[in-house]
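> following is a predicted model, sequence given first.
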Amino acid sequence: MLSVATLLSKGVPLPFTEAEEAFQSLAPKIGRPNDKEVRAKAFLIEMLKEGEMLSSDCEEKLEAAGFKKSTIKKAKE
């Protein structure tokens, strides 16, 4: 029987590595949504209904509406 290290070095996918990769991609999305982020996303969607805008203009309007830069960054994701 080959060791886990040998299997990994040969590129053989192991169930736990696939599960770990899946968890890593979902980990940031797990949990209760941040209310400020949800409101910022809704604000963005409403603002962009009229058409495209420069990101700098969007950020300016979001900041004028009271959203912090960190919240704006999360809302854009």
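Yep, that arrived.
> residue for residue, what is the longest helix the chain has?
helix 35-48 (DSSP state H).
> so where's this structure shaky on pLDDT?
For the chain, the stretches flagged by pLDDT under 70 are 1-8, 12-33.
> tell me which helix or strand comes right after the longest helix of the chain.
Next along the chain after helix 35-48, taking DSSP states H and E as the criterion, comes helix 55-64.
> contact partners for Lys59?
Actually, residue 59 is Glu. It isn't Lys. 69, 72 (C-beta atoms under 8 Å, 6 or more residues apart in numbering). Heads up, the C-betas are built off the backbone N, CA and C, glycines and all.
> let's see it at 6 Å
Contacts for Glu59 were tallied using C-beta atoms under 6 Å, 6 or more residues apart in numbering; they are Ile72.
> so how far is Lys74 from it?
Per C-beta to C-beta, to the nearest Å, Glu59 is found 13 Å from Lys74.
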